[in-house]
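Student: Quick one: sequence and predicted model below, then my questions.
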Amino acid sequence: MCRWLKLELDRKALGGRLRCKRLQRCTSLAAMGKIPALTLSGNSDDVRTKMVLVAAKAAGVDLKFEAKAGVPSIQYGMKTIKYTGAMLRFVGKCLEDTEVYGNTFFESAEVDMWLDWSLMELEDPPADLERVLKVLEKHLDQRTFVVGQRFTLADVAASIPLIHLEQQGKVTALGTATKRWLNTCKEADPVKNILGSHSPPKTAQPVVPSRPAAASATTSIASTPLIDPYSSSVRGRTEIKKILAAEDGGKGLIGQKISVCGWVKTVREAEKGKLCFVQLNDGSVPLDIQVVIHSEAKGFDTLKGKVGTGASMKCIGQIVESPGRGQAVELSVKDSGEVILFGGVDAKDYPLSKKGHSHEFLRSIAHLRPRSNLIGCVARVRAALAQATHEFFRSNGFLYVHTPLITAADCEGAGEMFQVTTMMAEAEKDGKPLPMVNGKFDYSKDFFQKPAFLTVSGQLSVENYCCSLSKVYTFGPTFRAENSHTSRHLAEFWMIEPELAFADIFDDMNIAEDYLKYCVSYAMTHNRADLDFFEDKIEKGLIKRLENLLAEPFARLTYTEAIDILIKESPKAGFGVPVEWGMDLGSEHERYLAEKVYKKPVILYNYPKDIKAFYMRLNEDNRTVAAMDVLAPAIGEVIGGSQREERLDVLDRRITEMGLEPKDYWWYRDLRRFGSVPHSGFGLGFERLIMLTTGVENIRDVIPYPRYPGHAEF
Ligand SMILES: NC(=O)C[C@H](N)C(=O)O
């Protein structure tokens, strides 16, 4: 690749405008260029991290943030940039069309000068703050900004550490010029965006902003405001996550007056009723905050007999160091604090107690079970994995397509579909018999004028979009009317189905593996506290299993090779169902391969055609099709996919062989008549992915409202 092109691609990756003329002729190459994202990792509370984030915002550079302990650094592909000065200069120089590094050659040198000065003099804690502030006051006396006529890196480097010191109560008096300048900086968009629109000083009362602050582009805990902007009905509250999931466990907030709202997990009285210990949870983290309510607190008397497990309340108090074990800080509610009870609970009626419950019991109270630790953790991981799914496909250029839920086509040809009809309700309403013709139901009288069903897969519909937009995926509910009572099947489940044009079965395997790993690593980064809960309560060794999944390439072998291995292993393994070529592998065989033979996920491909669907591409051998399944330890099959049959004559033969009617698939066949291309795709059962990531063994516990035979309540 030409050097200029590479440079311009890099510049584009950083969010800048492309200038190179040559590149305009090479747009197709640009589309192919694999451009790594620019990422800053560091502690979100670290002033250096904040400086770099503000500088990137000011420079218009797309900088992804990843919370991580340790010294902040920027990663770009394999390259790393460390040290605050170097990082600030780097983001300042990324793009040609910004002025954050000054407007002229001389201004840039001035920016450099003040950058070095600030990094040296405003280090935390500064050696001699009074002297430093004097220098700054003198410099700013006749100026709006530190250098030139606009907000530059010099302002970033000086203002952010000062704001930080101010928040810690270390700045007592500022000169008039410095105050004016600092206010200007605080009002600058990049600063507001990263630090939040209001940074409460140390002992501020909770304030409800009149207008909700715009969500920050970066999603670090520190860059969102301490007080939730959408909490006006309770006059402001802080999410418990902001306190307990902070890297210092909330210690940085000691001394601050804070309000929290939530549901009581446990309550305990002490000192003859003069103290009340409450564990409060608001769902933002799997951790409860300990609230110690003293009898002199306003509202204390209203709690008597009403605050049991499940009650909802708001507590206003001060964050103090916790003398107890298990938490760094707690909320102390004394005479200047207040407790407000929203909804009390009569302990004898509330079905959830503080001790654990069986998963079966929780299912019977699906409306209340989100308050259990288990279902709370599952819900957070489920949401994160959905987010990861969209992020993965979007960043790889896939379009999200909504495929219909009601369909007249049976994708799998399996016939286990839920029928959608209004005939029965109408007949019942009118008291008339169902319309019949020649001894069969007369569907021409039905809503869709033909039999219609809930979809079992979005694949056939998404293929149409694939054969025009190249890379697409669908993600939605699918339905199977199997009378199955196992812990692995549901009548309603969610499926992710990507479809790629100009791709064979090996491309399909590559994307499946990359996607699975992306999701697992996303949960490891964003949901560590939830995963720790699963490790502790559900599956010992879960984290290790997930690390293993990420560590190595998945094993890949053909179905025929797998059968050979399984036959050899049979005497030792003692399978319930004997192994022979042509059989559909059972979960005992699949798990044996993944857990015992390879000890990691395995992709099997080239299955016998007779056990697979009609749309899978027939291989040269005429006996197998280009189908693949991903099998994971502890779970079994998580993904099933194939290269699709793109040759019309072969497809027609297969449809007929399977006892289906080619005319029912007229539109699917049209794609093979007009501009047919090799293409591939797969389906991943979303609930299986959650089971894989959490270790939860019953599929009914990873979906909010499980649907299975006899169960459609809630
Ligand atoms: N999109 C897919 O390949 C999934 C496949 N149709 C299934 O239902 O298993």
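Tutor: Everything's here; your move. Quick caveat, the model's predicted, so the values are computed rather than measured. Residues are numbered from 1 along each chain as shown.
Student: CA atoms for contacts and neighbours, from now on please.
Tutor: OK.
Student: what ranges do the helices span in the stretch 401-550 of the chain?
Tutor: Ranges of helices in the stretch 401-550 of the chain, per DSSP state H, counting those that start in this stretch, are 423-430, 459-469, 505-526, 528-537, 542-551.
Student: so which of these comes closest to the ligand?
Tutor: The closest approach between the ligand and any of these, judged by CA to the nearest ligand atom, belongs to helix 459-469 at 4.4 Å.
Student: Contacts for the closest one next, please.
Tutor: Taking CA atoms under 8 Å, 6 or more residues apart in numbering as the criterion, the residues outside helix 459-469 that touch it are 399, 401, 403-404, 411, 472-474, 497, 499-501, 668, 671, 676-677.
Student: Keep only those of the residues you listed that are also close to the ligand.
Tutor: Near the ligand, taking CA under 6 Å from any ligand atom as the test, the members of those found are Glu497.
Student: Any figure for the gap between Arg672 and Glu497?
Tutor: Arg672 sits 20 Å away from Glu497, taking CA to CA, to the nearest Å as the criterion.
Student: neighbour count winner among these two?
Tutor: Glu497 (26 against 18; other CA atoms under 10 Å).
Student: Was I right to think the more buried one contacts Gly458?
Tutor: Yes - using CA atoms under 8 Å, Glu497 is in contact with Gly458, at 7.1 Å.
Student: Mind listing the shared neighbours of those two?
Tutor: Residues touching both Glu497 and Gly458 comprise Thr474, with contact defined as CA under 8 Å, 6+ apart.
Student: between the contacts of helix 459-469, which is closest to Glu657?
Tutor: For Glu657, the nearest member of these is Cys411. The distance, counting by CA to CA, is 15.6 Å.
Student: how long is stretch 449-465 end to end?
Tutor: 26 Å.
Student: now that stretch: mean pLDDT?
Tutor: Stretch 449-465 shows an average pLDDT of 95 in the prediction.
Student: do that stretch and the ligand meet?
Tutor: Yes - part of stretch 449-465 sits close enough to the ligand to count as contact by CA under 6 Å from any ligand atom, namely 457, 459.
Student: And that stretch, what's buried?
Tutor: Within stretch 449-465, the residues scored as buried using 16 or more other CA atoms under 10 Å are 451-465.
Student: same deal with stretch 578-597?
Tutor: Within stretch 578-597, the residues that count as buried by 16+ other CA under 10 Å are 579, 582, 585, 589-595.
Student: what sits opposite the spatially closest residue to Pro601 that is not a sequence neighbour in the beta ladder?
Tutor: The shortest distance from Pro601 to any non-neighbouring residue, by CA to CA, 6 or more residues apart in numbering, is to Ala632 (4.4 Å). For Ala632, the beta-bridge partners are Gly636 (DSSP bridges).
Student: so Ala632 touches Lys596, yeah?
Tutor: No - checked against CA under 8 Å, the pair Ala632 and Lys596 is beyond contact range at 11.3 Å.
Student: Which helix or strand contains Val630?
Tutor: Secondary structure assignment for Val630, by DSSP states H and E: strand 624-632.
Student: same question for stretch 645-653, mean pLDDT?
Tutor: For stretch 645-653, the per-residue pLDDT averages 97.
Student: before we move on, what about stretch 678-694?
Tutor: If you average the per-residue pLDDT over stretch 678-694, you get 97.
Student: now stretch 474-490
Tutor: Model confidence over stretch 474-490 averages 93 on the pLDDT scale.
Student: which residues are contacting it?
Tutor: Outside of stretch 474-490, the residues that reach it under the criterion CA under 8 Å, 6+ apart are 400-403, 405, 416-418, 454-458, 462, 491-498, 688, 697-700, 706-709.
Student: Please report how far Asp155 lies from Glu580.
Tutor: Counting by CA to CA, the gap from Asp155 to Glu580 is 73 Å.
Student: Nearest to the ligand: which residue in the stretch 251-400 of the chain?
Tutor: Tyr400 (13.8 Å).
Student: My understanding was that that residue contacts Ile496; is that so?
Tutor: No - with the criterion set as CA under 8 Å, Tyr400 and Ile496 do not qualify as a contacting pair; they are 10.3 Å apart.
Student: shared neighbours, those two?
Tutor: Common neighbours of Tyr400 and Ile496, using CA under 8 Å, 6+ apart, are 473-475.
Student: Just the buried residues of these.
Tutor: When neighbours are counted using 16+ other CA under 10 Å, the shared contacts of Tyr400 and Ile496 contain these buried positions: 473-475.
Student: how many neighbours does Trp667 have?
Tutor: When neighbours are defined as other CA under 10 Å, Trp667 has 14 of them.
Student: what sits against Asp112?
Tutor: With CA under 8 Å, 6+ apart as the criterion, the residues that contact Asp112 are Ala154.
Student: Pull out the buried residues from the helix or strand hosting it.
Tutor: Secondary structure here is read from DSSP H and E; on that basis Asp112 sits in helix 105-121. Within helix 105-121, the residues that qualify as buried by neighbour count (16+ other CA under 10 Å) are 107-108, 110-112, 114-115, 117-119, 121.
Student: Could you dump those residues into CSV and include distance to the ligand and pLDDT?
Tutor: Below are the buried residues of helix 105-121 laid out as CSV (distance: CA to the nearest ligand atom, whole Å; pLDDT from 0 to 100):
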residue, distance to the ligand, pLDDT
Glu107, 58, 88
Ser108, 55, 91
Glu110, 59, 93
Val111, 55, 95
Asp112, 55, 95
Trp114, 58, 95
Leu115, 54, 94
Trp117, 59, 94
Ser118, 57, 94
Leu119, 55, 92
Glu121, 60, 91
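Student: mind listing what the most centrally placed residue in the chain touches?
Tutor: By CA atoms, centre = their mean, the mean C-alpha position of the chain lies nearest to Ala384, the distance being 2.7 Å. Neighbouring residues of Ala384 by CA under 8 Å, 6+ apart: 522-523, 526-527.
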